[in-house]
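Chemist: Need the 3D shape of this:
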Amino acid sequence: MSKDLPSLAHAAYLFAAKNHTEWAIQVLCRRGADIEAENFEHHSVMIKLVLDQDLTGIQTMLANGASINGKSKTNKMGPLEVAAEQGHNDTISLLLDHGAEIDCLRKGKVLSTMVGDC
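Modeler: Numbers count the residues shown, from 1 in each chain. A predicted model of the protein is given here:
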């Protein structure tokens with residue numbers, strides 16, 4: 001298997017999510033493309049969408065099985081921690097509404113003000 005395949009799956013899912021084409025995400029899933037694939041920066045599609053504050057893209061990926069709590073292999077941060085680190089309050093609210101788990105050990109200042117103490 002080529003080491004470029006995860007990056008290709010990531011690019012395909014990201015393109016589909018950014019263009020809000022749910023049918024394309026479903027085809028990728030049915031064909032076995034890894035919905036949690038990371039790019040060369042070790043960002044999953046969910047992390048990339050969080051960084052871009054693409055709320056519709058996030059909802060589309062979640063509706064098709066992306067992990068709301070999936071952690072990056074390198075920095076061990078999930079979508080909620082990334083959104084909190086970036087100060088993206090709308091994204092934090094969306095993720096919490098969809099059941100994101102709060103990592104009390106990694107909860108930063110922004111997330112603490114929104115959800116209080118663990």
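Chemist: Phi first, then psi, for Ala33.
Modeler: The phi/psi pair for Ala33 (degrees, to the nearest 10) reads phi -70, psi 140.
Chemist: Identify the residues contacting it.
Modeler: Neighbour list for Ala33: 9, 12-13 [criterion: Cβ atoms under 8 Å, 6 or more residues apart in numbering]. Placement of C-beta: from N, CA and C, glycine included.
Chemist: do you know how far it is from Glu81?
Modeler: In this view, Ala33 and Glu81 are 25 Å apart by Cβ to Cβ, to the nearest Å.
Chemist: ditto for Cys29
Modeler: Taking Cβ to Cβ, one finds Cys29 at 25 Å from Glu81.
Chemist: Looking at the two, which one has more neighbours?
Modeler: Set Cys29 next to Glu81 and count neighbours by other Cβ atoms under 10 Å: Glu81 wins out with 25 against 15.
Chemist: Sticking with the more buried one, tell me its helix or strand.
Modeler: Assessed by DSSP states H and E, Glu81 sits inside helix 79-86.
Chemist: centre of the chain versus that helix, how much separation?
Modeler: Its chain's C-alpha centre lies 10 Å from the corresponding centre of helix 79-86 when counted by Cα atoms, centre = their mean, to the nearest Å.
Chemist: The helix or strand just after that helix - what's its average pLDDT?
Modeler: Using DSSP H and E, the helix or strand that directly follows helix 79-86 along the chain is helix 89-97. Helix 89-97 carries an average pLDDT of 94.
Chemist: How about stretch 8-17?
Modeler: In this model, stretch 8-17 has an average pLDDT of 91.
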